[in-house]
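1. prediction below, plus the sequence it came from.
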Amino acid sequence: MNDYVIAIDQGTTSTRAILFDHAGSIVSTGQLEHEQIFPQAGWVEHDPKQIWNNTREVIGQALSKANVTRHNVKAIGITNQRETAVVWNKTTGEPVYNAIVWQDTRTQKIVDRLADGDVERYKAKVGLPLATYFSGTKIVWILENVEGAREAAEAGDLLFGTTDSWVLWNLTGGVDGGLHATDVTNASRTLFMDLETLSWDESILADFGVPASMLPEIRSSSGDFGVASDASLLRETPITGILGDQQAATFGQAAFDKGEAKNTYGTGNFLIFNTGEEIVHSKNGLLTTVGYKIGDEPTHYALEGSIAVTGSLIQWLRDNLGLIPDAPAVEQLATSVDDNGGAYFVPAFSGLFAPYWRPDARGALVGLTRYVNKGHIARAALESTAFQTAEVVDAVNADSGVDLTELKVDGGMVANDLLMQFQADILRVAVVRPVVAETTALGAAYAAGLAVGFWANLDELRANWQEDRRWEPQLDEAERERTYRLWKKAVQKTLDWVDDDVS
């Protein structure tokens, strides 16, 4: 019987367990979606207990489909939606509130209060501007708005974690000795971690009013995270890798070296550009983040362009408007027309992330005439993903001083040929899809497998990477310039929408 590594991919819309073999190929997958909870405009929540129950079930699915047991699994890797915040009682194991999702914008007033006119007051240390996106302000909201939470936190009874920590704590025993830890990549998304020391910054925690006792221990991305408890189907299996989802996708793309980049097309889009061992502070609206850290080896850093709404816009067309029966149908609808008919869709549902960082923006569909039909709207929705990515690539090129010559892509939307061709057209560079598009889970598996010797080194992982398809630019340059100019014009129409009395 062969040996495998299993990756738990706790994403924004679903949780998956994927079994990988030594070639980095998928052997089996278990997957369950969890509920998206929208209590009011701008609020997005998940049920942490549902996420944990789903995690246990998808592990069973993956093992059952491959007809293997824990004895065939040499290591467990975890990857996760990064900034989503869970706060729970360490004695009872009960969350004190739903998980507040990275897309949630309820903490804008907390951001404004902490910023005191300067959203970049901590950026030199943590690499991030003050924004609703990151975990720190979500913890503050829970402490200030959930009855008894502040007192329990100050008494040392509450724990905070992004969903990797929540899964890890439960997987290693929960109230019976569960390990409370995270890795450097997830820690770098909280607003609390010093990028140089890789430790929690006490002065920032004091400013936020968050007790240090709530926070998990920070460890390397590839290393010891304990073993699965006796209550798990994977009992006694070592947990040896944790990476936030976008860093995991970069790792899965084998973009280990300075100057390499990838773009993930998921709920949102996330472009990561590896800056090696150098901390590069963006002048063009990008985030500075930790790329990965293997054991005691030097930390690798990255620039990131985070886009809030791409794949979730297609879900919105499906669920809120009923325009399509399922997500793949958007391509067929979009190809029913030759172009966008003059319509541009800026999905600033959570404000605009990179490179603008404008929480006052809201979504807009502009350029409408009687000519526009649902095919044009579907096409405009897809094109918005490519346009937003192009703006992030422009920022990366400006910060790095070296233009990208090709873009490695992954995530669910890369199955959409129309989108991938338009992306190449707008970027004017080749877009390259790997054979294994599930690079997020693969990256977590790689980090875990390296720590136990399942893979010997990074060169072995590079050798696993294989190109599946490549799209070259085809669009006339004058047309590219025209449509990109109109996109930028459309973006301007979304700004300054939110007043004090508008959520």
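-> Nice, I can see it. Computed from a prediction, not measured in an experiment: that's the story for all the values here. Numbers count the residues shown, from 1 in each chain.
2. count of neighbours near Q423?
-> Counted by other C-beta atoms under 10 Å, the residues lying close to Q423 total 28. The way it works is simple: take the backbone N, C-alpha and C, and place the C-beta from them, glycine included.
3. quick check: it touching V431?
-> Yes - the criterion here is C-beta atoms under 8 Å, and Q423 meets it with V431 at 5.1 Å.
4. any common contacting residues for those two?
-> Counting by C-beta atoms under 8 Å, 6 or more residues apart in numbering, the shared contacts of Q423 and V431 are 407, 409, 471.
5. quick one: which of the residues you listed is nearest G285?
-> Distances from G285 to those, taken as C-beta to C-beta, are shortest for L407 (18.3 Å).
6. can you tell me which of the shared contacts of Q423 and V431 end up in strands?
-> Judged by DSSP state E, the subset of the shared contacts of Q423 and V431 located in strands is 407, 409, 471.
7. need those residues in a markdown table (columns: neighbour count).
-> Shown next, in a markdown table, are these (neighbours: other C-beta atoms under 10 Å):
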| residue | neighbour count |
| --- | --- |
| L407 | 22 |
| V409 | 28 |
| W471 | 21 |
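8. okay, those in TSV with distance to L171 and pLDDT next?
-> Putting those into TSV (distance: C-beta to C-beta, whole Å; pLDDT from 0 to 100) gives the following:
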residue	distance to L171	pLDDT
L407	35	91
V409	31	93
W471	39	97
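9. local confidence estimate at M1?
-> In this model, M1 is scored at 58, pLDDT.
10. what's the answer for the one 5 residues further on, then?
-> Among the per-residue scores, I6 shows a pLDDT of 97.
11. quick one, what contacts it?
-> Taking C-beta under 8 Å, 6+ apart, we find I6 in contact with 17-20, 59, 62-63, 73, 75-77, 234, 237, 445.
12. list the buried residues of the host helix or strand of K138.
-> In the assignment (DSSP states H and E), K138 maps to helix 135-145. Residues of helix 135-145 classed as buried by neighbour count (16 or more other C-beta atoms under 10 Å): 135-143.
13. also stretch 121-134?
-> 122-123, 125-134.
14. ok, these vs V498, which is closest?
-> For these, the nearest to V498 is T132 (11.7 Å; C-beta to C-beta).
15. quick check: which element contains V290?
-> Per DSSP H and E: V290 is located in strand 287-292.
16. which outside residues touch that strand?
-> Identification of contacts with strand 287-292 by C-beta under 8 Å, 6+ apart yields 123, 127-129, 184-185, 187-189, 195, 198, 221-222, 243, 247, 250-251, 256, 272, 274-275, 279-282, 299-306, 354, 447.
17. buried ones only from those, please, as a ChimeraX command.
-> The ChimeraX selection below is limited to those of these classed as buried (16+ other C-beta under 10 Å):
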select :123,127,128,129,184,185,187,188,189,195,198,221,222,243,247,250,251,256,272,274,275,279,280,282,299,300,301,302,303,304,305,306,354,447
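18. from the contacts of strand 287-292, which land in strands?
-> Those of the contacts of strand 287-292 lying in strands (DSSP E): 243, 272, 274-275, 300-306.
19. if you count contacts, what does the longest helix anywhere in the chain end up packed against?
-> Longest helix in the chain by number of residues (criterion: DSSP state H): helix 374-400. Contact partners of helix 374-400 among helices and strands, from 3 or more C-beta pairs under 8 Å, 6 or more residues apart in numbering; DSSP states H and E: strand 261-265, strand 269-276, strand 300-307, helix 311-319, helix 329-334, strand 344-346, helix 417-427, helix 477-492.
20. go ahead and confirm H34 touches D47.
-> Yes - if you go by C-beta under 8 Å, H34 and D47 touch, sitting 6.8 Å apart.
21. more neighbours: these two, which one.
-> The neighbour comparison of H34 against D47 (other C-beta under 10 Å) goes to H34, with 20 against 15.
22. apart from its chain neighbours, what residue comes closest to the more buried one?
-> Once flanking residues are discounted, H34 sits nearest to Q50: 5.0 Å by C-beta to C-beta, 6 or more residues apart in numbering.
23. how much space separates the one you found from T15?
-> Q50 sits 9 Å away from T15 when distances are taken as C-beta to C-beta, to the nearest Å.
24. common neighbours of the two, please.
-> H34.
25. between those two, which one's more packed in?
-> Counted by other C-beta under 10 Å, Q50 and T15 do not tie: T15 has more neighbours, with 27 against 17.
26. verify the contact between the more buried one and D9 for me.
-> Yes - T15 is within contact range of D9, at 7.0 Å (criterion: C-beta under 8 Å).
27. looking at the ones in strands among the contacts of strand 287-292, spot the one nearest A348.
-> Closest to A348 out of the ones in strands among the contacts of strand 287-292 is S306 (13.4 Å), distances taken as C-beta to C-beta.
28. helices of the stretch 101-250 of the chain, residue ranges please.
-> 108-115, 123-126, 135-145, 149-154, 163-171, 184-187, 202-208, 245-252 (DSSP state H, counting those that start in this stretch).
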